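> no FASTA, just this:
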């Protein structure tokens, strides 16, 4: 299989893997970069896109308008926090992570505890992952970092948040420098927690992006040694083997997925590659 074909397949898989992935725009290598934002700009809340309202049914739209109106009138922090949380959950329910992040950021501002900072950072990270171009990814990644940094200042042991923060650097104006910075942070995580699943997975993805398939395979194998149920890691390990011309090894990993994986999307991917291997 040609390496270019595998990269195209990774793009498609980015729509399937929901726990770990690059932003879709970055996987496609759309490298029209926007200038880096200042720290002050990163602190400004993003605006809720008007076109998100078209995805709301009449009942949800009525709730949204009522909550927004009450939010502007309320003077009690507890009530404002409850309203903002309701608005965020509504946008989560229609898969609009950037709009949800807008409101979760307000909760973090009203009550900057570790839980609210983590929710805001994670929401912006989701918006970063599903950004359709690098400009949007850069904006969302910058905001995710802002909240993750505040979280880590309070609780340095939040290593998964640190790993997610590291991945936002791939959307920096200088991608090579951004990747180096992200890799450095991920290695800091592994220095504290050598088997951290998210850090290992992220380093594996970065190795795939740079076509260091042997290093990628090592990362995914390390995950599977402790977490054999991680089918995403197994699928990417199969990808790595295919690019190393280790056909039998790749076939073995894909067959495990086909036999044991309940997720039909991942199973379908594995079946597709088994056919290409000449099953």
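Structure received. Everything numeric here is computed off the predicted structure, so don't read it as measured data.
> How about the contacts made by residue 68?
residue 87 (C-beta atoms under 8 Å, 6 or more residues apart in numbering). Using the backbone N, CA and C atoms, a C-beta is placed for each residue, glycine as well.
> Need the phi and psi values for residue 172.
phi -70, psi 160 (degrees, to the nearest 10).
> Distance-wise, check the residue nearest to the spatial centre of the chain relative to residue 56.
Nearest to the mean C-alpha position of the chain, by C-alpha atoms, centre = their mean, lies residue 129 at 4.1 Å. To residue 56, residue 129 is 23 Å away according to C-beta to C-beta, to the nearest Å.
> now do residue 71
Residue 71 sits 17 Å away from residue 56, going by C-beta to C-beta.
> next one: residue 94
7 Å.
> Comparing these two, which shows the higher neighbour count?
Neighbour count, other C-beta atoms under 10 Å: between residue 94 and residue 56, residue 56 has more, with 18 against 14.
> Test my guess that that one contacts residue 87.
No: using C-beta atoms under 8 Å, residue 56 is not in contact with residue 87; the gap is 11.5 Å.
> can you list residues touching both of those two?
The contact lists of residue 56 and residue 87 share residue 64, where a contact means C-beta under 8 Å, 6+ apart.
> can I see the domain layout of this structure?
Per automatic domain parsing, the structural domains of the chain span 1-29+197-279, 45-155.
> Nearest to residue 178, out of those?
Distance to residue 178, taken as C-beta to C-beta, is lowest for domain 45-155 among these, at 9.1 Å.
> average pLDDT across that closest one?
Regarding domain 45-155, the rounded mean pLDDT is 87.
> How far does that domain sit from its chain's centre?
16 Å (C-alpha atoms, centre = their mean, to the nearest Å).
> burial of residue 70, as a residue count?
Neighbours of residue 70 using other C-beta under 10 Å come to 14.
> Please identify which helix or strand holds the closest residue in space to it that isn't next to it in sequence.
In this structure, residue 70 finds its nearest non-sequential neighbour in residue 83, 5.8 Å apart by C-beta to C-beta, 6 or more residues apart in numbering. Secondary structure from DSSP states H and E places residue 83 in helix 77-93.
> And the next helix or strand past that helix?
Helix 77-93 is succeeded, C-terminally, by helix 97-110 (DSSP H and E).
> how about the longest helix belonging to the chain: buried residues?
Ranked by residue count under DSSP state H, the longest helix found in the chain is helix 134-154. By 16 or more other C-beta atoms under 10 Å, the buried positions in helix 134-154 come out as 134-152.
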